[in-house]
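Participant: prediction below, plus the sequence it came from.
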Amino acid sequence: MLDWLPGLLPHALTVVLLVAAFFLPGLLVLLPLKPGWLAVTALSPAITLLIFLAGSFLADAVGVPWNAATAAVTALPPILAAWLAGRRFSFSTPLPPAGLGLPAKIAVGAGVAIGSAVTCLALLRGIGDPATASQGWDPIFHLNVLRWIQESGSATPWGVAPIFGAGPPTYYPAGWHSAVALVPGSVTEAANLSSIVIGGMIWPIGLTFLASVVLPRYPAAWALTPLVAASFVSFPFSQLLRSGQWPNGLATALVPATLAATVVLLRRLTPEQPSGTQAREHVLLAVIVAALLGGCVAAHPSAVFAAAVAILPFVAARLLPLLVRGARRRPRRAVASAAAAVVAAVAAYAVLANSRLLAGVMAYRRTVRAEIPGSLHLALFDLPRFPALSPPAADDFNLAVGLLVILGAVVAVFVREARPLAISWLAFVALYVLAAGPENGLRWLTGFWYKDTQRIAPFIAMTGSLLAALAIAVPARAARRAVSTRMSSARAGGRWPVPALLVALPVAVMICGIYWGSGSYRSVERVAVAAQNYVVSDNPGTGVLSRGEQAFIERAGAMLPADAVVIGDPFNGETYFYALTGRHVVYTQLGAPTSASPAKELLRTGFNRLRTDKSICEALLKVGATHFYEDAPGAAHGSASLKRWPGFYNVPTDQGFEKIASADGRALYRITACS
C-alpha cells in the first residue's frame with residue numbers, strides 16, 4: 001500500500017516550495033494581528049494571492065521579471081506594515097472560538113491531518129508520477145501559461161495575453177499561475193503537486209475554520225468536517241484534476257475561509273455603539289475580509305459570487321431580527337428599510353440580467369447535463385459521473401454521507417446558528433440543478449460558473465460537510481451531557497474529561513464504519529476521477545499524448561535550438577513542446593487556436609501542400625515555424641485529426657524536411673522547403 005512513497009521523495013522539495021508559495025507571505029502578514037493559529041493558517045493563501053497580484057503589477061511597472069526573488073521583495077512592505085500595525089491594531093481574542101481543552105485540540109488536529117492524508121493519497125494515486133503532464137483541455141493551457149510567466153517574467157492578469165494569440169490584451173485570472181510559476185523545475189510537476197496543496201491542505205484547513213465559526217458550540221463538528229469532506233469526489237478530485245480547473249479550483253478552496261471571516265465580522269458587529277477597542281477590531285476585521293475577497297478575485301472572480309451566495313443567509317439571519325425589533329419601535333423606518341432592500345434586490349437582478357459586461361458569461365452556452373431526478377442524485381449524493389454518460393451503480397452514491405447531510409439540514413432547523421448554513425446548502429443544490437438543465441428562465445443565474453455543475457458541486461460539499469458533521473455532533477453533545485450528569489465533577493471535568501472520551505469512541509467508530517463501509521470513501525471512484533487526464537494509450541494518435549510521447553517530446557525538444565518554433569496538430573501533442581521543453585509552438589492552446597490569424601487557419605488545412613503552394617511558405621514565415629511535429633492521426637477532446645487538422649497529415653516529408661528525431665510512429669523535422 002505504501003510502495004508509492006519512495007517514488008514521491010524526489011518531489012518533496014517541490015511540495016515544500018509550493019506550501020511556502022501559497023502560505024508564507026500571508027502567514028507573515030496575519031501573525032502579528034493575532035487572529036489565532038487556525039485563522040492564520042486558513043486565511044493565509046488568499047492574502048498571499050492578493051500580495052502576489054499587487055506585486056505582479058508592480059514588477060511589470062518597473063520592468064522586473066516575476067520570480068521568487070521579486071515575489072519576496074514585493075511581499076516585504078505588507079509584511080512590515082502588518083508587524084508595525086500589530087503593535088496597536090490586533091485582535092484581543094482569536095477569530096475562532098477559544099477555550100478548547102487539550103483533547104478537543106488533539107481531535108481537531110487529527111481530523112485535519114487524517115482528512116488531508118486520505119485526500120492526498122487518492123490524489124497522488126490518481127496522478128501517478130507527478131511529472132506526468134495532464135491531458136485535460138484546461139491544463140494544457142495552464143501549463144503553457146506557467147512556462148510563459150517563467151519566460152516573459154509577466155504574471156499580471158493581462159500578462160498572459162500572448163498565450164491567446166494575436167489581438168488586444170485579454171484578462172485572465174493569474175493568481176494560481178503567479179504562485180506556481182515561482183517554483184523552479186518542471187512546470188508539470190509543480191502544477192500537479194499544487195493540487196495536493198490546494199485540495200489536501202488549503203481546503204480541509206479552511207473547512208475546519210468555517211466549522212469553528214459557524215458551529216462554535218460543537219467542537220466535535222470541527223474535527224469531523226475535514227473527515228467528512230474527504231469523502232466527496234466533486235472537490236478536489238473532479239474540479240482540480242478531471243476538469244483541470246487549477247485556478248478556479250484554488251478559488252473554490254479559498255471560499256470556506258473567506259466565508260468564515262465574513263461570518264465572524266457579521267457576528268461581532270452589534271447595534272450598540274462599540275467601544276474604541278471594538279471599533280478598531282471591527283475595522284481591522286473588515287480590512288481582512290476585503291483583502292480575502294481581493295485574493296479570491298486574484299484566483300478567480302467566480303469565488304466572490306460563491307461567497308455571496310453562501311453569506312446571504314447569514315446576512316439575513318443577522319438583519320431580520322434587527323428589522324423585526326425596529327418594526328416594533330419605528331414601524332415606518334422598518335417598512336422603508338424593507339422596501340429599500342427589495343428594490344435593491346430587484347435592481348441587482350435587473351443589472352445582472354442585462355449587464356453587457358457579464359452578457360458573455362451569463363449567456364454561456366452549456367449543454368444539458370442532467371434533469372431531475374438525475375441532477376438531484378448528483379447534487380445530493382456526489383455521483384462521480386453524469387447518469388447520461390454512465391448509469392450509476394449502488395457503489396457510486398456517497399450514500400451514508402449524503403444521508404447525513406440531509407439529516408444535518410433537518411437538525412439545523414433546531415440549531416439557531418446552523419440555520420443559515422442549511423439555507424446556503426439548499427441554495428447551492430438549487431444552483432446545481434439549474435446548471436445541470438434543462439434550459440429555463442433562471443438557468444442564466446449559474447452563468448457566474450459558466451453553467452458548469454462541476455464548478456458548483458464543491459460548494460455543496462463545503463456546506464454539506466458541515467451539516468453532516470453537525471448531524472453527528474448534536475447527538476454526541478447530548479450524550480456527553482447525559483453522561484456528565486451521572487458522574488462526579490472531578491471525573492466530568494479536568495484536562496481529560498471522561499464523558500468526552502467515552503462519547504468520542506463511538507463517534508470515531510462510526511466514522512471508521514462509514515469509511516470502510518463505503519470502500520474507503522469510494523477510493524476506486526476517487527482515484528479513477530483523479531486519473532482520467534493522466535491515462536495514456538499504447539496506440540500513437542490516441543489522446544493528446546500516447547504512451548512514450550511525453551518522453552519523446554522532452555528528448556526531441558532538447559535537440560532544438562532555442563529559437564525554434566514547432567508546428568503541428570495541437571490536439572495531437574504539438575502544444576506540449578512549449579510546456580515541456582520551452583520551445584515555442586504555433587498553436588499554444590486547444591480553445592480557438594487559430595483565432596485572429598488567417599495564417600494559422602491556412603496552415604491548419606493546407607500545410608501538407610508546402611511543396612506546391614507558395615502561400616503555405618508565406619504563412620509559415622508569418623507564424624515563424626521552423627520545425628514540424630508529426631504523429632499518427634487520432635482523436636482527442638472531440639477533434640478528429642484528419643477532419644479538423646488535415647494539413648498536418650499525409651505530409652510528404654521526403655523532400656523539404658530534415659528529420660531530427662523519430663520513434664514509435666512520431667517524428668520531428670526541420671522545415672527546409674521554405675529556405
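Facilitator: Right, received. Where do you want to start? Numbers count the residues shown, from 1 in each chain.
Participant: hey, let's count contacts and neighbours off CA atoms from now on
Facilitator: Noted.
Participant: contact partners for the residue nearest the centre of the chain?
Facilitator: In the chain, the residue lying closest to the centroid (CA atoms, centre = their mean) is Gly249, at 1.1 Å. Taking CA atoms under 8 Å, 6 or more residues apart in numbering, we find Gly249 in contact with 198, 236, 239-240.
Participant: can you select the buried ones from these in PyMOL?
Facilitator: Buried subset of the contacts of Gly249, written as a PyMOL selection, criterion 16 or more other CA atoms under 10 Å:
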select buried, resi 198+236+239+240
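Participant: among the contacts of Gly249, which are in strands?
Facilitator: Among those, no member is found in strands (DSSP state E).
Participant: which among the contacts of Gly249 gets closest to Pro506?
Facilitator: Pro236 (28.6 Å; CA to CA).
Participant: neighbours of the residue nearest to that closest one when sequence neighbours are not counted, how many?
Facilitator: Nearest non-adjacent residue to Pro236, counting by CA to CA, 6 or more residues apart in numbering: Gly199, 5.1 Å away. Look at Gly199: counted by other CA atoms under 10 Å, it has 26 neighbours.
Participant: please report how far Gly199 lies from Trp246.
Facilitator: 10 Å (CA to CA, to the nearest Å).
Participant: tell me how far Gly606 lies from Leu642.
Facilitator: Gly606 sits at a distance of 12 Å from Leu642 (criterion: CA to CA).
Participant: re earlier: residues in contact with the residue nearest to Pro236?
Facilitator: 119-120, 235-236, 240, 253.
Participant: looking at these, which two lie furthest apart in space?
Facilitator: Maximum distance among those (CA to CA): 14.6 Å, for Cys120 and Ala253.
Participant: who's more crowded, these two?
Facilitator: Ala253 (31 against 23).
Participant: checking that one next. Helix, strand or coil?
Facilitator: Classification of Ala253 using DSSP: H, G, I helix; E, B strand; the rest coil returns helix.
Participant: mind listing what it touches?
Facilitator: 198-199, 202-203, 206.
Participant: kindly report the same for Leu560.
Facilitator: Arg583.
Participant: roughly how far does it sit from Ile288?
Facilitator: Going from Leu560 to Ile288 by CA to CA gives 49 Å.
Participant: can you check Val623 too?
Facilitator: 47 Å.
Participant: what do you get for Phe237?
Facilitator: Here the criterion is CA to CA. By it, Phe237 lies 30 Å from Ile288.
Participant: give me the more crowded residue out of the two.
Facilitator: Phe237 (31 against 19).
Participant: and the nearest residue to Ile616 once chain neighbours are set aside, how many neighbours?
Facilitator: Of all residues not flanking Ile616 in the chain, Leu610 sits nearest, at 5.5 Å (CA to CA, 6+ apart). Using other CA under 10 Å, Leu610 is surrounded by 22 other residues.
Participant: pretty sure Leu610 contacts Glu618?
Facilitator: No. Counting by CA atoms under 8 Å, Leu610 does not reach Glu618; the two are 9.9 Å apart.
Participant: what sits in contact with each of the two?
Facilitator: Here Leu610 and Glu618 have no joint contacts, going by CA under 8 Å, 6+ apart.
Participant: all strands of the chain, in order?
Facilitator: Using DSSP E, strands in the chain cover 565-567, 584-585, 627-630, 635-636, 639-640, 657-663, 666-671.
Participant: the ones you listed: which one's closest to Gly464?
Facilitator: strand 635-636 (35.3 Å).
Participant: what's in contact with that closest one?
Facilitator: Outside strand 635-636, the residues within contact range by CA under 8 Å, 6+ apart are 541-544, 571-572, 641.
Participant: at 6 Å what do you get?
Facilitator: Identification of contacts with strand 635-636 by CA atoms under 6 Å, 6 or more residues apart in numbering yields 542-544, 641.
Participant: same question for stretch 514-526.
Facilitator: 231, 233.
Participant: also stretch 598-612?
Facilitator: Stretch 598-612 is contacted by residues 594, 616, 619, 645-647, 651 when judged by CA under 6 Å, 6+ apart.
Participant: what about 10 Å?
Facilitator: Residues from elsewhere that reach stretch 598-612 (CA atoms under 10 Å, 6 or more residues apart in numbering): 567-569, 586-587, 593-595, 613, 615-623, 628, 642-653, 655-656, 671, 673-674.
Participant: the residues you listed in helices, which ones?
Facilitator: Cross-referencing the contacts of stretch 598-612 against helices under DSSP state H gives 615-623, 642-644.
Participant: buried stuff in stretch 206-225?
Facilitator: 206-216, 218-225.
Participant: show the average pLDDT along that stretch.
Facilitator: Averaged across stretch 206-225, pLDDT comes to 96.
Participant: stretch 463-473 too?
Facilitator: Stretch 463-473 carries an average pLDDT of 97.
Participant: then stretch 148-159?
Facilitator: Stretch 148-159 comes out with an average pLDDT of 93.
Participant: give the buried residues for it.
Facilitator: For stretch 148-159, the neighbour count (16+ other CA under 10 Å) marks 148-150, 153-159 as buried.
Participant: and those as a markdown table, adding distance to Lys451?
Facilitator: Formatted as a markdown table, the buried residues of stretch 148-159 follow (distance: CA to CA, whole Å):
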| residue | distance to Lys451 |
| --- | --- |
| Trp148 | 29 |
| Ile149 | 29 |
| Gln150 | 32 |
| Gly153 | 34 |
| Ser154 | 31 |
| Ala155 | 28 |
| Thr156 | 26 |
| Pro157 | 23 |
| Trp158 | 25 |
| Gly159 | 27 |
